[in-house]
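[1] next one to model:
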Amino acid sequence: MGLARGLVVVAVILTVLSLLAGYVRFQGLDTDTASNTAELLIADDEVREQLAAALVEQLYANVDVAQSLEQRLPEDQKGLAAPLSGALRELLDRAAVRMLERPRVQELWVGSFTRTHRQLVELLENETELVNVQGGAVVLDVRPLVIQLGERVAIVGNLAQELGPDAGLIEIMDAGELETAQNLTQTLKFLGNWLWVLPVVLAAIALWIARGRKRSILRMLGWGSLLAGLLVLVVRRVGGSYIVDDLVQSETVKPAAQDTWDILTAQLRDGGFTLIGLGLILLLAVWVGGTSSSSVSTRRALAPYLARAEVAYGIAAGLFLLLLLWAPTVQTTRAPLMIAAAAIVILGVELLRRQTAREIPDPGPIELRSLWRRDGSGGDGSTGG
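    Numbers count the residues shown, from 1 in each chain. You can find the predicted model right below:
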């Protein structure tokens, strides 16, 4: 029994690690996830304001706005160029926010973000030489957005030509970090895809060697999953508080930083809720198969339905299909996990059917008609009047 409990502890720890590895694998290496993240980021008001400020900063860092205005002003008004440049910056801040609210501009942002992510993944998987083209770095190119912003107020006649070669390029990774990142990528990709199998195998072994204490091990797995899910949610909350409150110094940036953290770690939150849901389902299974009077009464009530395989498995399949259609967490949309979950549901239904058949060999027929009359007439079968 001690070995079985030890296997459960290891399985729970590996479950948390596999969740973290899966989060890094999909959030960091899956382009579809990156594209969805970009859409959520640009749809957030706080994030849009900070991105707008960054675009204006890029414009002013690469174009001498005061000089451009001075060239356009009459000779006797050239002294107004500097104050007008400052006033124009405030106008550009508001214009940038309005520009980023437009669907076509948001599509441009998402496209740029997605392309950069795809290039980064290809680079990390050693499938491209992009890093050499970008002068030793992987960058996010927001140059088209900077050009659009400048053209809205026509600061420079031909802004695209005036911008320097590095304008609008935000560095993501230096070439010196590339080899280490590529090695980590291969490891994380493997762990993110397959590490979850190991805790499932360990849990199965623990149940197999537990012999007559399977219910105790199943209860331990339920509580372990529940606590692991809560731990993931707590770590996410504490990590977000540390990053936003301690590392972000500007109070005006903190709301955008918090929203960005929430969006980027949404899959981690989903994983925590998935583990909590799994734990609750396991504890429910332990209770239904238990020895308490309420458990026995529940099995007795379910006995007619469990006795008929097509009914029992049909109900289970229907509930499972509803879960897939609902897809409350991102984990419920991943085929390997759901195939494994379906196998566990089938096994659970079969074990419950066998246990109930041993206890209640003659459960009687399913009385759907009598149940309908009782529900619809207050319990006495009459129609009133």
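[2] and the one helix or strand Ala342 maps to, how far from the chain's centre?
    Ala342 belongs to helix 335-359 when assigned by DSSP states H and E. The offset between the C-alpha centroid of helix 335-359 and the centroid of the whole chain comes to 28 Å, using Cα atoms, centre = their mean, to the nearest Å.
[3] ditto for stretch 78-97
    Its chain's C-alpha centre and that of stretch 78-97 lie 40 Å apart, by Cα atoms, centre = their mean.
[4] now do it, average pLDDT.
    Taken as a whole, stretch 78-97 has a mean pLDDT of 82.
[5] buried set for it?
    Residues of stretch 78-97 classed as buried: 81, 84-85, 88, 92, 95-97 (neighbour count, 16 or more other Cβ atoms under 10 Å). Placement of C-beta: from N, CA and C, glycine included.
[6] and those, which of them are in helices?
    Cross-referencing the buried residues of stretch 78-97 against helices under DSSP state H gives 81, 84-85, 88, 92, 95-97.
[7] of those residues, closest to Val9?
    Using Cβ to Cβ, the shortest approach to Val9 within these belongs to Val97, at 51.4 Å.
[8] so what pLDDT did the residue nearest to the spatial centre of the chain get?
    Most central in the chain under Cα atoms, centre = their mean is Gln267, positioned 1.8 Å from the mean C-alpha point. Note on Gln267: pLDDT of 92.
[9] likewise for Leu231?
    93.
[10] which strands or helices does the helix or strand hosting Phe190 pack on?
    Following DSSP H and E, the helix or strand that holds Phe190 is helix 178-194. When contacts are defined as 3 or more Cβ pairs under 8 Å, 6 or more residues apart in numbering; DSSP states H and E, helix 178-194 packs onto helix 2-29, helix 103-124.
[11] how about the last one: buried residues?
    I take that to be helix 103-124. Buried residues in helix 103-124, defined by neighbour count with 16+ other Cβ under 10 Å: 105-106, 108-110, 112-114, 116-117, 119-121, 123-124.
[12] nearest to Ser35, of those?
    Among the buried residues of helix 103-124, Thr114 lies closest to Ser35 (Cβ to Cβ), at 4.5 Å.
[13] now for the closest one: which residues touch it?
    If you count contacts by Cβ atoms under 8 Å, 6 or more residues apart in numbering, Thr114 has them with 31, 34-35, 38.
[14] PyMOL command for the buried members of those residues?
    Here is the PyMOL selection string for the buried members of the contacts of Thr114, based on 16+ other Cβ under 10 Å:
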select buried, resi 34+35+38
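[15] taking the contacts of Thr114 one by one, which sit in helices?
    Secondary structure assignment (DSSP H) places 31, 34-35, 38 from the contacts of Thr114 within helices.
[16] is it possible to get CSV of the residues you listed that adds distance to Arg25 and pLDDT?
    Rendered in CSV, the data for these read as follows (distance: Cβ to Cβ, whole Å; pLDDT from 0 to 100):
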residue, distance to Arg25, pLDDT
Thr31, 12, 87
Ala34, 12, 89
Ser35, 16, 92
Ala38, 18, 92
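[17] got CSV for those, with distance to Ala21 too?
    Shown next, in CSV, are these (distance: Cβ to Cβ, whole Å):
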residue, distance to Ala21
Thr31, 18
Ala34, 17
Ser35, 22
Ala38, 23
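[18] endpoints of stretch 244-257, how far apart?
    By Cα to Cα, to the nearest Å, the extent of stretch 244-257 from end to end equals 6 Å.
[19] ok, and for that stretch, which residues are buried?
    Within stretch 244-257, the residues that qualify as buried by neighbour count (16+ other Cβ under 10 Å) are 244, 248, 253, 255-257.
[20] ok, and what's touching that stretch?
    Here stretch 244-257 makes contact (Cβ under 8 Å, 6+ apart) with 44, 46-47, 49-50, 243, 258, 261.
[21] picking up where we left off before, quick one: the buried residues of stretch 78-97 as JSON lines, columns for distance to Trp196 too.
    Conversion of the buried residues of stretch 78-97 to JSON lines gives the following (distance: Cβ to Cβ, whole Å):
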{"residue": "Ala81", "distance to Trp196": "62"}
{"residue": "Leu84", "distance to Trp196": "60"}
{"residue": "Ser85", "distance to Trp196": "56"}
{"residue": "Leu88", "distance to Trp196": "54"}
{"residue": "Leu92", "distance to Trp196": "48"}
{"residue": "Ala95", "distance to Trp196": "48"}
{"residue": "Ala96", "distance to Trp196": "43"}
{"residue": "Val97", "distance to Trp196": "42"}
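[22] which one of the residues you listed sits closest to Val8?
    The shortest approach to Val8 among those belongs to Val97, at 52.5 Å (Cβ to Cβ).
[23] tell me who's in contact with Asp259.
    Applying Cβ under 8 Å, 6+ apart to Asp259 gives the contacts 44, 46-47.
[24] and those as JSON lines, adding distance to Glu75?
    Rendered in JSON lines, the data for those read as follows (distance: Cβ to Cβ, whole Å):
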{"residue": "Asp44", "distance to Glu75": "47"}
{"residue": "Glu46", "distance to Glu75": "44"}
{"residue": "Val47", "distance to Glu75": "44"}
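[25] fine by me, we can end here.
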